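Asker: quick one, fold the following:
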Amino acid sequence: LVFSQTTGELRAVLADGGELTDIRTSAAACVCARALTPGGVETIGFVGAGCVGSLTGLMMRKLFPDAKLVVWSRTKATASTFKAKMQARGWQSVSVVEEVAGVEDCDIIVTSTPSEQALLTRVKQGALVIALGADTKGKRELGPAVFKG
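Answerer: As a prediction, the model looks like this:
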């Protein structure tokens, strides 16, 4: 809903089917990556390659244009679509991995799944993990070892 700042009157109803939420979530992930990464990002891993994962990958191109992307998805088709989108937007190196463990050594890891069990169970020391998918009760993408420094 959009209201007038001066009168409080309803001005518009935004029925975007969640598109603005997906864009905002991806943009927030990029703000985190920019603010919390000291530099020298060589690899960015994605656990989940759907709408939010893809939007985040596209937006991160501006921040880390020389990074290599590594993606895991539950389905090969989604991972392949992610790879094609990223390459079409200028990412030079995009790898699809068959196991989540394939992203564990990335400098930045973005998770965006509806998982109810831990998918990412280990990360390298100093990695930045941006967990976007565990957004309601019962969802869980990260294992306990991810939180240990």
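Asker: mind listing the strands for the chain?
Answerer: 2-3, 10-12, 43-47, 68-72, 94-96, 108-111, 128-131 (DSSP state E).
Asker: which ones are touching the closest residue to residue 145 other than its chain neighbours?
Answerer: The spatially closest residue to residue 145, leaving aside those adjacent along the chain, is residue 122, at 5.4 Å (Cβ to Cβ, 6 or more residues apart in numbering). C-betas here are computed from N, CA, C, even on glycine. Listed by Cβ atoms under 8 Å, 6 or more residues apart in numbering, the contact set of residue 122 reads 101, 104, 143, 145, 146.
Asker: these into TSV, with extra columns for neighbour count, distance to residue 70 and pLDDT?
Answerer: As requested, those are exported to TSV (neighbours: other Cβ atoms under 10 Å; distance: Cβ to Cβ, whole Å; pLDDT from 0 to 100):
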residue	neighbour count	distance to residue 70	pLDDT
101	12	11	95
104	19	10	96
143	15	18	94
145	11	19	92
146	18	17	94
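Asker: list just the nearest of those residues to residue 111.
Answerer: The shortest approach to residue 111 among those belongs to residue 146, at 9.5 Å (Cβ to Cβ).
Asker: wait, the closest one sits on residue 123?
Answerer: Yes: if you go by Cβ atoms under 8 Å, residue 146 and residue 123 touch, sitting 5.5 Å apart.
Asker: before we move on, back to that, can you put the strands of the chain in a markdown table and add mean neighbour count and mean pLDDT?
Answerer: As requested, these are exported to a markdown table (neighbours: other Cβ atoms under 10 Å; pLDDT from 0 to 100):
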| stretch | mean neighbour count | mean pLDDT |
| --- | --- | --- |
| strand 2-3 | 10 | 93 |
| strand 10-12 | 10 | 94 |
| strand 43-47 | 27 | 98 |
| strand 68-72 | 23 | 98 |
| strand 94-96 | 17 | 97 |
| strand 108-111 | 26 | 98 |
| strand 128-131 | 19 | 96 |
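Asker: any chance of the ones you listed in CSV, with distance to residue 36 too?
Answerer: Below are these laid out as CSV (distance: least, Cβ to Cβ, whole Å):
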stretch, distance to residue 36
strand 2-3, 32
strand 10-12, 35
strand 43-47, 13
strand 68-72, 19
strand 94-96, 23
strand 108-111, 9
strand 128-131, 5
